[in-house]
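Asker: Quick one: sequence and predicted model below, then my questions.
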Amino acid sequence: MVRLLTLTSLLLVGACTFSSPSPEQSVSQPDSRYLTVLHTNDHHGRFWTNDKGEYGMAARATLLRTLREQAAQRGDALVLLSGGDINTGIPESDLQQAEPDFKGMSLLGYDAMAIGNHEFDNPLAVLDKQQKWANFPLLSANIKHKSSHEYAYTPYVLVEKNNINIAVLGLTTTDTAKIANPEFIGDLEFINPTDATTGVLKEINSKNPDVIIAVTHMGHYADAKFGVNAPGDVTLARQLPLGAIDMIIGGHSQEPVCMSASNVNDASYHPGKTCTPDNQNGIWIMQAHEWGKYVGEARFEIKGDDVILQSYTLHPVNLRDKSGQWVGDYIEPDQKMVDFLSPYQAKGQKQLSVTLGVTKERLEGDRNKVRFMQTNLGQLITTAQSQHVNADFGIISGGGIRDSIPAGDINYKDILRVHPFKNRIGYIDFSGTEALAFISKITRFPVDSGAYTHINNVTPVCDNAQLVNVLINGQPLQADQTYRMSINSYNAAGGDGYPRLNNDPRFVDTGDTDAEILSAYVRKNSPIQGIKTPQSLTCQ
């Protein structure tokens, strides 16, 4: 069967917005069937509202109920999908292994989700437990066991809704192989998504589905310009035969996929604005930003072999504009969902007060210290981060250290006061020459600025007030050797004026946050005491 996707109104050829359908379009035609696809992605532990009362699964429940009722009134079939990454982001969720999130998604009626890279932030036994919490399948067709080359997880699922047979296959970014914890993915291999899709489609097509959906966690990169990332949804769509699948419901890049023209993202998109999804090789590509801020709603007409997009909307879930006002009507949270999630929120809050360890000395993070001099807390942080990625040395700008930790017990709240931004930790392997040039540049940042550098395992070697070399772990740096440096995502992106590294193909983003890493270090190395602090990293 040849699968075709008709572009209504030549959407991306001459238009920059996707208008809602006219009343005539909304009425079901006698020879047509209709499918509504609802979707979210990159939930990252946001089962509860933020401190502004935005999003949250209870408000999402109310919105989903309304959208389902509207679809039923139209006679539409309906599926609800997630682009993955349910794990990691909010302590109340992280401390409970995302139990409220997966069970909450079950109550919300998700039909399937893609397995994201952050689903491997924990041992595989935790992911197995999460699958049991979910009453829907966690999908990936491109994760296999190295030993047997068999699928490690369910590759696809067939869903029948209103006599429409819907095939949903899952795909996971191949970057997972380098950013996930090696201990958790040792026997897993992440194969080329196009090859995986081509392989599984043979089996799917033998079952004659009406619609084929790829739910992915690979990222949307306009015009396939994926840079240092693994290829994403656009590359997949271009590499597949015309009509091989009907749509891609994505995640990972954490953006609203809204286009202003062919292959051009709508940089001015804001909540409430009309959104035009991407289209590549006859395949629609959609993504709903992150954290449950939106629910995407796509309505398709199925007419013979054609699957025709009729309308698309990104519904904001209690988002505020720059003035603090609600975008659109406020969505009243569903009380049953509030009642279900409240014990988890209370338990998480209580766990934040649990003691992680103890420090025998005050760990100095005050603004008037960390922007002027090396401190014991700066050494503690860089040591924890460099050890986490097996680096020779680590750095952080003083602006990334936001508070001190007094002597005594340390709890997770203390850690979050130091690291409130949830920066991810990465690393890069330098030659000795490159390492010396980088160190020389960042140690020249002036005091009394957020850029002031904290660094561990590095001692300057000076000659006439000039930095001529450094000692790394007490040994002179060798120009022809390789040295690994840890760095957070903010500084790696050029934050505080640091040389940008995250566009270097050698840079690896682990996805692990600074707060998680410091917490683990405190647990393992308590009591904290006797931290040696270098006097200076300059030759002046």
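Answerer: Yep, that arrived. Residues are numbered from 1 along each chain as shown.

Asker: Walking through the stretch 51-200 of the chain, point out its helices one by one.
Answerer: 57-74, 91-94, 99-108, 124-133, 176-179, 193-205 (DSSP state H, counting those that start in this stretch).

Asker: bridging residues for the nearest residue to residue 162 once chain neighbours are set aside?
Answerer: Using CB to CB, 6 or more residues apart in numbering and skipping the chain neighbours, the partner closest in space to residue 162 is residue 77 (3.7 Å). C-betas here are computed from N, CA, C, even on glycine. Under the criterion DSSP bridges, residue 77 forms beta bridges with residue 35.

Asker: How is this protein divided into domains?
Answerer: 8-18+33-348, 355-525 (automatic domain parsing).

Asker: What is the end-to-end distance of the last one?
Answerer: I take that to be domain 355-525. 13 Å (CA to CA, to the nearest Å).

Asker: could I get the domains of the chain as TSV with distance to residue 534?
Answerer: Listed next are the domains of the chain as TSV, based on distance: least, CB to CB, whole Å:
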stretch	distance to residue 534
domain 8-18+33-348	31
domain 355-525	5
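
Asker: and residue 536, which of the ones you listed is closest to it?
Answerer: domain 355-525 (7.4 Å; CB to CB).

Asker: picking up where we left off before, just send the domains of the chain back as JSON lines, with mean pLDDT and distance to residue 539 too.
Answerer: As requested, the domains of the chain are exported to JSON lines (pLDDT from 0 to 100; distance: least, CB to CB, whole Å):
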{"stretch": "domain 8-18+33-348", "mean pLDDT": "93", "distance to residue 539": "34"}
{"stretch": "domain 355-525", "mean pLDDT": "92", "distance to residue 539": "4"}
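
Asker: Mean neighbour count and distance to residue 532 added to the ones you listed, as TSV?
Answerer: TSV is the format used below for the domains of the chain (neighbours: other CB atoms under 10 Å; distance: least, CB to CB, whole Å):
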stretch	mean neighbour count	distance to residue 532
domain 8-18+33-348	20	29
domain 355-525	19	7
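
Asker: Would you state the strands of the stretch 151-300 of the chain in chain order?
Answerer: Taking DSSP state E, counting those that start in this stretch to define them, one finds strands in the stretch 151-300 of the chain at 156-161, 164-172, 188-190, 211-217, 247-249, 259-261, 264-265, 278-280, 283-286, 294-303.

Asker: List the contacts of the residue nearest to residue 162.
Answerer: 33-36, 71, 161-164, 166 (CB atoms under 8 Å, 6 or more residues apart in numbering).

Asker: Can you tell me which of those residues comes closest to residue 144?
Answerer: Distances from residue 144 to the contacts of residue 77, taken by CB to CB, are shortest for residue 166, at 24.3 Å.

Asker: can you tell me how far the closest one sits from residue 213?
Answerer: 7 Å (CB to CB, to the nearest Å).

Asker: Also residue 399?
Answerer: For residue 399 relative to residue 213 (CB to CB), the value is 43 Å.

Asker: Likewise for residue 155?
Answerer: Residue 155 is 13 Å from residue 213, by CB to CB.

Asker: which ones are touching residue 76?
Answerer: Applying CB under 8 Å, 6+ apart, the residues contacting residue 76 are 28, 34-36, 162, 299.

Asker: Same check on residue 40?
Answerer: Residue 40 touches 60, 82-83, 288, 292, 294-296, counting by CB under 8 Å, 6+ apart.

Asker: same deal with residue 84?
Answerer: Per CB under 8 Å, 6+ apart, neighbours of residue 84: 41-42, 113-116, 118-119, 170, 172, 215-217, 251-252.

Asker: same thing but 6 Å
Answerer: Under the criterion of CB atoms under 6 Å, 6 or more residues apart in numbering, the neighbours of residue 84 are 113-116, 217, 251.

Asker: Nearest residue to it in space, please, no chain neighbours.
Answerer: Nearest to residue 84 is residue 116, by CB to CB, 6+ apart, at 3.1 Å.

Asker: okay but that neighbour is in contact with residue 85, surely?
Answerer: Yes - counting by CB atoms under 6 Å, residue 116 does reach residue 85; the two are 3.4 Å apart.

Asker: Most remote residue from the middle of this protein, which is it?
Answerer: residue 464 (47.8 Å; CA atoms, centre = their mean).

Asker: still on that earlier bit, which one, of the helices of the stretch 51-200 of the chain, ends up nearest to residue 515?
Answerer: helix 91-94 (7.7 Å).

Asker: next one: that closest one to chain centre, how far?
Answerer: The chain centre lies 15 Å from the centre of helix 91-94; the measure is CA atoms, centre = their mean, to the nearest Å.

Asker: If you count contacts, what does it end up packed against?
Answerer: helix 335-352 (3 or more CB pairs under 6 Å, 6 or more residues apart in numbering; DSSP states H and E).

Asker: Restricting to C-alpha, output the helix it packs on in PDB.
Answerer: Extracted as PDB, the C-alpha positions of helix 335-352 are listed here (Å, rounded to 0.1, in the frame of the first residue of the first chain):
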ATOM      1  CA  GLN A 335      -9.100  17.700  41.800                       C
ATOM      2  CA  LYS A 336      -8.700  13.900  41.500                       C
ATOM      3  CA  MET A 337      -5.300  14.300  40.000                       C
ATOM      4  CA  VAL A 338      -4.400  16.900  42.700                       C
ATOM      5  CA  ASP A 339      -5.500  14.400  45.300                       C
ATOM      6  CA  PHE A 340      -3.400  11.600  43.700                       C
ATOM      7  CA  LEU A 341      -0.200  13.700  43.300                       C
ATOM      8  CA  SER A 342      -0.400  15.600  46.700                       C
ATOM      9  CA  PRO A 343       1.100  12.700  48.800                       C
ATOM     10  CA  TYR A 344       4.000  12.400  46.400                       C
ATOM     11  CA  GLN A 345       4.700  16.100  46.500                       C
ATOM     12  CA  ALA A 346       4.600  16.100  50.300                       C
ATOM     13  CA  LYS A 347       6.800  13.000  50.400                       C
ATOM     14  CA  GLY A 348       9.300  14.700  48.100                       C
ATOM     15  CA  GLN A 349       9.300  17.800  50.100                       C
ATOM     16  CA  LYS A 350      10.000  15.800  53.200                       C
ATOM     17  CA  GLN A 351      12.900  13.900  51.500                       C
ATOM     18  CA  LEU A 352      14.500  17.200  50.600                       C
END
